[in-house]
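Undergrad: My questions are about this predicted structure, shown below with the sequence.
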Amino acid sequence: MTVGFYLLQRLLYTVPLLLGAVTIVFVLVHLAPGNPVDYIIGESGADKEMIARLTADMGLDRPLYIQLLRYLGQVATGNLGYSFVSSTPVLELILDRLPATLLLMASQLVFSISLGITLGVLSARRPNSLLDNTITVFSLASFAIPVFWLGQLLILGFGYYLDWLPIQGMVNLRAGYTGFDHVLDVARHMILPVATLTLYNLALILRLTRGSLLEVVGQEYIKVARSKGLSENTVMVKHALRNALLPVVTVIGLEFRALIAGAVLTETVFAWPGLGRLTFDAINARDYPLLMGMFIFISLLVAIGNLVTDLLYALLDPRIRYQ
């Protein structure tokens, strides 16, 4: 099976999955307590006629299955609708916030994968040593701490008490930096949210890398490589690590959903202007079109992440073919 045919097959499989997922989430979102009309009216209140008019304008007065069919037909044409709160096209809102989230997630993915694999290799080279035990305690602690609480601890420590780093936003609006100074300003604002996500996500990669390496180094081909006089670094990196990475790649693909969930909490804590913060605001406002648009977009990101994981399998292990 060629790569192109395999990709087409996987994309076709994604369509019914997305359809089922969108239907389930649509029903759950609309059945949840509260509605956009209450948010728009606020505490000032309004007469029944105005409430009925707003409800009809939003299409919320129709049966749920009619609303679902209309929404599915709308999405099929590439139209995600308009936000109930801002009256802005949902797709425009998502694309406006997408760069900030991609910057945050790409940075933490690079750090969590590279640090997780590196620390996993160091831990596996000397099992049960002081270094191994220290790394184990560190990984367990970072994985056990809730991501929102970890973010608040970093804010208190490095932002409030030490006053070393900014704690909210993506840029310093008062300074108005341009050029390279603007890049440095964004980088400083990224440190705490990226550190929060990295510490939370590298733990599982670290533990799985260590466990896989300890299993691989006991196999015959590793003993043969050592008997040839190869250095320990060459044996671990070139021979053992490549085979040990297969389960790690699997977990990275599966954890893609958790990364997005972590981004929602982290962006909220640090007021990072990305998709996570947008999702949080949409939930508070019961903005149904924006919520559904975010869900569809996130589902596509997860599907792409899983597809990339499958392709990496064939690169790491030539025995795996597209089937």
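TA: Right, received. Where do you want to start? Residues are numbered from 1 along each chain as shown.

Undergrad: all helices for the stretch 1-150 of the chain, in order.
TA: 3-31, 36-41, 48-57, 64-76, 90-125, 130-144, 147-154 (DSSP state H, counting those that start in this stretch).

Undergrad: and those helices, which one's lowest on average pLDDT?
TA: Averaged per stretch, pLDDT over those is lowest on helix 36-41, reaching a mean of 67.

Undergrad: Compare the helices of the stretch 1-150 of the chain and report which one is nearest to R242.
TA: With distances scored as C-beta to C-beta, the stretch of the helices of the stretch 1-150 of the chain nearest to R242 is helix 90-125 (11.5 Å). (Glycine included, C-beta is placed from N, CA and C.)

Undergrad: What residues of the closest one count as buried?
TA: If you call a residue buried by 16 or more other C-beta atoms under 10 Å, then helix 90-125 has these buried ones: 90, 93-94, 97, 100-101, 103-105, 107-109, 111-113, 115-117, 119-125.

Undergrad: and if you look at stretch 52-60?
TA: Taking 16+ other C-beta under 10 Å as the neighbour-count basis, stretch 52-60 is seen to contain the buried residues 54, 58, 60.

Undergrad: same deal with stretch 140-153?
TA: Of the residues in stretch 140-153, those with enough neighbours to count as buried (16+ other C-beta under 10 Å) are 142, 145, 147-148, 150-152.

Undergrad: contacts for it?
TA: Residues outside stretch 140-153 that contact it (C-beta atoms under 8 Å, 6 or more residues apart in numbering): 192-193, 196-197, 199-200, 202-204, 207, 262, 265-266, 268-270.

Undergrad: Tell me the buried residues in the longest helix seen in the chain?
TA: Ranked by residue count and defined by DSSP state H, the top helix of the chain is helix 179-216. When burial is assessed from 16+ other C-beta under 10 Å, helix 179-216 yields the following buried residues: 185-186, 189-214, 216.

Undergrad: for stretch 75-90, same thing?
TA: For stretch 75-90, the neighbour count (16+ other C-beta under 10 Å) marks 75, 80-85, 89-90 as buried.

Undergrad: what does stretch 296-306 give?
TA: For stretch 296-306, burial by neighbour count (16+ other C-beta under 10 Å) applies to 296-299, 301-303, 305-306.

Undergrad: Walk me through the domains of this structure.
TA: Per automatic domain parsing, the structural domains of the chain span 3-76, 97-316.

Undergrad: Tell me what angle the helix or strand harbouring R277 forms with helix 179-216.
TA: Taking DSSP states H and E as the criterion, R277 maps to helix 275-285. On the basis of axes from the mean of the first three to the mean of the last three C-alpha atoms, to 10 degrees, helix 275-285 is oriented at 100 degrees to helix 179-216.

Undergrad: tell me the angle the helix or strand just after helix 275-285 makes with helix 64-76.
TA: Beyond helix 275-285 in the direction of the C-terminus, DSSP H and E gives the next helix or strand as helix 288-316. With the same axes, to 10 degrees defining the directions, helix 288-316 sits at 50 degrees from helix 64-76.

Undergrad: low pLDDT regions in the stretch 201-323 of the chain?
TA: Within the stretch 201-323 of the chain, the ranges that satisfy pLDDT under 70 run 218, 221, 223, 225, 229-233, 237-239, 253-262, 313-323.

Undergrad: want to throw the buried residues of stretch 296-306 into CSV with distance to R226?
TA: What follows is the buried residues of stretch 296-306, written out as CSV (distance: C-beta to C-beta, whole Å):
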residue, distance to R226
I296, 51
F297, 49
I298, 46
S299, 46
L301, 42
V302, 41
A303, 42
G305, 36
N306, 36
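
Undergrad: Name the residues of the helix holding R277 that are buried.
TA: Residues of helix 275-285 classed as buried under the neighbour-count rule (16+ other C-beta under 10 Å) are 275-279, 282-283, 285.

Undergrad: Could you do stretch 10-23 as well?
TA: Neighbour-count burial for stretch 10-23, with 16+ other C-beta under 10 Å as criterion, is recorded at 14, 18, 22.

Undergrad: In contact with the first one, which residues?
TA: Applying C-beta under 8 Å, 6+ apart, we find T14 in contact with A303.

Undergrad: and if you look at the last one?
TA: For V22, the contacting residues are 72, 75, 292, 295-296, 299, by C-beta under 8 Å, 6+ apart.

Undergrad: Kindly recompute the last result at 6 Å.
TA: When contacts are counted by C-beta atoms under 6 Å, 6 or more residues apart in numbering, V22 touches no other residue.
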